[in-house]
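Everything below, folded, please.
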Amino acid sequence: KAFPFHRRLSKVSARTGTPVGASIVVGVGAAIALLVNIGQSAIFTALSSLCIAMLYLAYLGVTLPLLVVRLRHRTTDGWPEGVDESGNPQFRLGAWGIPLNVIAVVYQVGMAVNLLWPRTEIYDLTGNTWWLRWSALLVIAASLIAGTAYLLHKHSRHGRIELRHVSHTHAPEI
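The predicted model follows:
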């Protein structure tokens, strides 16, 4: 419930089993991107690079905290002992966990910097549009500002955002 219009966007059609509202928003967004591309073909290249860079940032949002957990639990081969929701032992990489995690984080940071770097070869093929060259950093900054403003607004109106426990559908009932 932290996303704007969450009630509409999270509703799943009983007939098709798909989130119709979210699908329409994604489709309209894609159509807008294609329509804007008609006048300026470099926008599609910039948008593609931005999307790939944001994927690396999203992966980094998982692998970096995972690396922190692994480093905190170095004495247990990088991961605390435990079982999954089905009662099976957790999969562990043993001594390879931390080195592979470090490689993943370094690679993701490198790729994000490489893709977000404001170069004319990637973002502004014409060399005449300053905002296109800086579009990746501008979009990420605008997203962070808008997300922070929305979070602060929700927090001031409704208090802390609490994540409820969602039971696993594949876990056996106890």
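
For burial, what's the neighbour tally of residue 122?
A total of 22 residues lie near residue 122 under the criterion other Cβ atoms under 10 Å. Just so you know, the C-beta spots here come from the backbone N, C-alpha and C atoms, and that holds for glycine as well.

On the pLDDT front, check it for me.
Note for residue 122: predicted pLDDT of 74.

got it, and the one 4 residues further on?
The model reports residue 126 with a pLDDT of 74.

now for the helix or strand of the chain with the lowest mean pLDDT, which elements pack on it?
Scoring the helices and strands of the chain by mean pLDDT, DSSP states H and E places helix 120-123 at the bottom, with a mean of 76. Counting contacts by 3 or more Cβ pairs under 8 Å, 6 or more residues apart in numbering; DSSP states H and E, helix 120-123 is packed against helix 42-72, helix 130-133.

any idea how far residue 143 is from the residue nearest the centre of the chain?
In the chain, the C-alpha nearest the mean C-alpha coordinate belongs to residue 58, at 3.4 Å (Cα atoms, centre = their mean). As judged by Cβ to Cβ, to the nearest Å, residue 58 and residue 143 stand 12 Å apart.

shared neighbours of those two, anything?
Shared contacts of residue 58 and residue 143, defined by Cβ atoms under 8 Å, 6 or more residues apart in numbering, are absent.

who touches the least confident helix or strand of the chain?
Contacts of helix 120-123 (Cβ under 8 Å, 6+ apart): 42, 45-46, 49, 115, 127, 132-136.

and residue 21, which of the helices and strands packed on helix 120-123 is closest to it?
Checking these against residue 21 by Cβ to Cβ gives helix 42-72 as the closest, at 21.6 Å.
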